[in-house]
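*Asks:* quick one, what's the 3D model for this:
(2 chains, ligands or ions: 2)
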Amino acid sequence: MSDLLSIEGLGISFGGLKAVNDVSFRVRPGEIVSVIGPNGAGKTTLFNMISGVYLPGAGRVMLDGADVTGMEPHLLARRGMSRTFQNLQIFQSMTVLENVITGYHLQEKGPVVADILGLPSSRRRARKAMAGARELLERVGLTRAAEREAGNLSYGSLKRLEIARALALDPKVLLLDEPAAGCNAVETEEIDHLIAEVAASGVAILLVEHDMKMVMRISNHIVVLDHGEKIAEGDPATVSQNPAVIAAYLGAENAHG
Amino acid sequence: MRLTPKSATLIVLALLVAITPFFFPSGYYYRVGALLFVNGIAVTGIVILTGYAGQISLGHAGFAGIGAYACALAPVHWGLHPALAAVLGAAISAVLAYLVGRPILRLKGYYLGVATLGFGILVSMVLNNERQLTRGPDGIEVADLGLREVLKGWGLNLTNGEFWYFFCGLCLIIGAWLALNLHNSPTGRALRALHGSEVAARTVGVDVARFKLQAFVISAVYASVAGSLLALQNKFITPDVAGFMHSVEMVTMAVLGGVGSVLGAIFGAGILTLLPQVLTVFAEYEQMVLGLVMLLVMIFLREGLLPSILKKFWGKDE
Ligand SMILES: Nc1ncnc2c1ncn2[C@@H]1O[C@H](COP(=O)(O)OP(=O)(O)OP(=O)(O)O)[C@@H](O)[C@H]1O
Ligand SMILES: [Mg+2]
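*Replies:* Numbers count the residues shown, from 1 in each chain, chains lettered A, B, ... in the order given. Ligands and ions are numbered 1, 2, ... in the order given. Modelled structure (predicted):
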């Protein structure tokens, strides 16, 4: 099958720092590709470039055969890209349900005049989105929290809420930035299943995750970043044996200790 | 059956408009009530802009000025009916808001506050200085709306005070209804989403610049209608309507009552409309009091008075 997402020589600098440098890889439909690397390796920065939040300094992002480099996030959303955030980006003062409904924005939006007059057409659009959102809440196990203000939820619940909102776009490509961070073992396993399920439905998944057990279990392919450079890639078994990878992780651990 | 916040708000407003006149000691209070409702309309626009979309305007009185002077000038110069003049004012306000907002709202940050500040000052200057057209700082008379006479013909005989009280009350209820429709609509969700997290809103497909612009244009129309109603009921208007203090007053009313909720903001408009009636010293120290109110609300009641009070009585979750 052809590539859904293809990253070609992507790079960006902040001041003098090359946060990401010449990174290339691709993701096919139904495939889970993980990006791993020590803290500050450039994983989130890479996501921000792919999703249009940052303008890449070099390289190209190809989505479904089209060059989408530097395209605005809301236009990428229309082309089937969706993401979650490492540092939660929740609509705090909206309810949990409303957060997910907002994920249906592209489907539910319509003429502002119809919305302000509360016309049946506007309510019909909203009702459809709400029905979908309730199903997604069910899927991530947040049905009982639906009417609560999102800001009051626990960290683990918010992580799942972000996934539900991202899924509401019915994406072709899904970028997950540390979806299991801060979750307990049970929650992690649930998220793990959910990701596998979404991939099985044909979505191309790009995953950043520090939980190595999870990464090794569900990834088809792993890309390793260190200091903004791709130092290795391959299937889980190959990558975990790679001396450069082991060195990068040990080095990082020594630095911490 | 549980009341939705929308019906609850509308019922409270309708009761307020219908019942309070029974407690008025004199006909004068109809005037105060009408003024309160006009301010309520203006702050409902601020709720849409600031409460929903998280954008700040420091020049909304400029739009009120356009609405007011449209009613003063269009009937005289073009023979337009005052009601159509108000519609024209709203249309001009919408177009100007679009032209001012479009380039500004593409930028990130609080540029809208600065740009609207300039816009408000500009409108105020034009109204003060174009004496041949506006008669300058002394003000200008405004034609009669004529609706009271029509009602009289139908056998409904209201005093001038009563008419404007109920008419502005009705306009406020309609304005609140529209704002509440918006709140729970796809557009309202997009606005509140970009307020909550701009980057998340963009990644779910919200064209952030476009929605901010829509909120700005809609809120400008509210301010314009409020200005028109003020001019029509007083049958006279001065450039003060477009002054910077009026812009600050609108924002303060909304923030005091609770900029996130329509009823809260109207509550704030009520307090700051009634205060000068009760405390005559208020008029002298208005600027100081407004400043102080803003400061205290920001420090102690970030969500505004009404939501804080409601939370106190009903616990944390609403
Ligand atoms: N907007 C920015 N401005 C300046 N420097 C930045 C910016 N964003 C990221 N960086 C820098 O780029 C480098 C990569 O950061 P990034 O957040 O991408 O790392 P990461 O791999 O996601 O780390 P973590 O595992 O801790 O999430 C870091 O040195 C960071 O300080
Ligand atoms: Mg990161």
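
*Asks:* what's the pLDDT at B:Asp317?
*Replies:* The model reports B:Asp317 with a pLDDT of 44.

*Asks:* and the residue of chain B at minimum distance from ligand 2, what does it touch?
*Replies:* Among all residues of chain B, B:Val199 sits closest to ligand 2, at 14.2 Å; criterion: C-beta to the ion. The way it works is simple: take the backbone N, C-alpha and C, and place the C-beta from them, glycine included. When contacts are counted by C-beta atoms under 8 Å, 6 or more residues apart in numbering or on different chains, B:Val199 touches A:Val53, A:Pro73, A:Phe85, A:Gln89.

*Asks:* name the nearest residue to the third one, sequence neighbours excluded.
*Replies:* Nearest residue to A:Phe85 in three dimensions, chain neighbours excluded: A:Asp177, at 5.9 Å (C-beta to C-beta, 6 or more residues apart in numbering or on different chains).

*Asks:* my guess is that neighbour contacts A:Val208. True?
*Replies:* Yes - judged on C-beta atoms under 8 Å, A:Asp177 makes contact with A:Val208 at a distance of 4.9 Å.

*Asks:* now for these two: what residues contact both?
*Replies:* Each of A:Lys43, A:Thr44, A:Phe47, A:Gln86 lies in contact with both A:Asp177 and A:Val208 under the rule C-beta under 8 Å, 6+ apart.

*Asks:* what parts of the stretch 1-150 of chain A come near ligand 1?
*Replies:* Proximity of the stretch 1-150 of chain A to ligand 1, by C-beta under 6 Å from any ligand atom, involves residues A:Phe14, A:Ala19, A:Gly37, A:Asn39, A:Gly40, A:Ala41, A:Gly42, A:Lys43, A:Thr44, A:Thr45, A:Gln86.

*Asks:* and the third one, how many neighbours?
*Replies:* Neighbour count of A:Gly37, defined by other C-beta atoms under 10 Å in any protein chain shown: 25.

*Asks:* list the buried residues for stretch A:168-182?
*Replies:* For stretch A:168-182, burial by neighbour count (16 or more other C-beta atoms under 10 Å in any protein chain shown) applies to A:168-169, A:171-181.

*Asks:* strands of the stretch 201-318 of chain B, start to end?
*Replies:* Assigned by DSSP state E, counting those that start in this stretch, the strands in the stretch 201-318 of chain B fall at B:236-237.

*Asks:* which single residue of it approaches chain A most closely?
*Replies:* Nearest to chain A in the stretch 201-318 of chain B, going by C-beta to the nearest C-beta, is B:Gly205, at a distance of 3.5 Å.

*Asks:* remind me what the helix or strand where B:Leu36 lies packs against, helices and strands.
*Replies:* Following DSSP states H and E, the helix or strand that holds B:Leu36 is helix B:28-46. Secondary-structure packing of helix B:28-46 (3 or more C-beta pairs under 8 Å, 6 or more residues apart in numbering or on different chains; DSSP states H and E): helix B:60-78, helix B:160-183, helix B:208-234, helix B:244-257, helix B:262-278.

*Asks:* which one of those lies nearest to A:Asp3?
*Replies:* Nearest to A:Asp3 among the helices and strands packed on helix B:28-46 is helix B:208-234 (29.6 Å), distances taken as C-beta to C-beta.

*Asks:* quick check: mean pLDDT across that closest one?
*Replies:* Mean per-residue pLDDT for helix B:208-234: 96.

*Asks:* restrict stretch A:44-57 to CA atoms and write it as PDB.
*Replies:* Output in PDB follows, covering the C-alpha atoms of stretch A:44-57 (Å, rounded to 0.1, in the frame of the first residue of the first chain):
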ATOM      1  CA  THR A  44       6.900  17.100  20.000                       C
ATOM      2  CA  THR A  45       8.600  19.700  17.700                       C
ATOM      3  CA  LEU A  46       8.400  17.100  14.900                       C
ATOM      4  CA  PHE A  47       4.600  16.700  15.600                       C
ATOM      5  CA  ASN A  48       4.100  20.400  15.600                       C
ATOM      6  CA  MET A  49       5.700  20.700  12.200                       C
ATOM      7  CA  ILE A  50       3.700  17.900  10.700                       C
ATOM      8  CA  SER A  51       0.400  19.200  12.100                       C
ATOM      9  CA  GLY A  52       1.100  22.800  10.900                       C
ATOM     10  CA  VAL A  53       1.500  24.300  14.300                       C
ATOM     11  CA  TYR A  54       5.200  25.200  13.400                       C
ATOM     12  CA  LEU A  55       6.400  26.100  10.000                       C
ATOM     13  CA  PRO A  56       9.200  23.700   9.100                       C
ATOM     14  CA  GLY A  57      12.600  25.300   8.300                       C
END
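
*Asks:* hang on, A:Leu207 in a strand?
*Replies:* Yes - looking at A:Leu207 with DSSP: H, G, I helix; E, B strand; the rest coil, it is inside a strand.

*Asks:* distance of it from A:Thr84?
*Replies:* In this view, A:Leu207 and A:Thr84 are 10 Å apart by C-beta to C-beta, to the nearest Å.

*Asks:* cool, A:Ser51 as well?
*Replies:* 10 Å.
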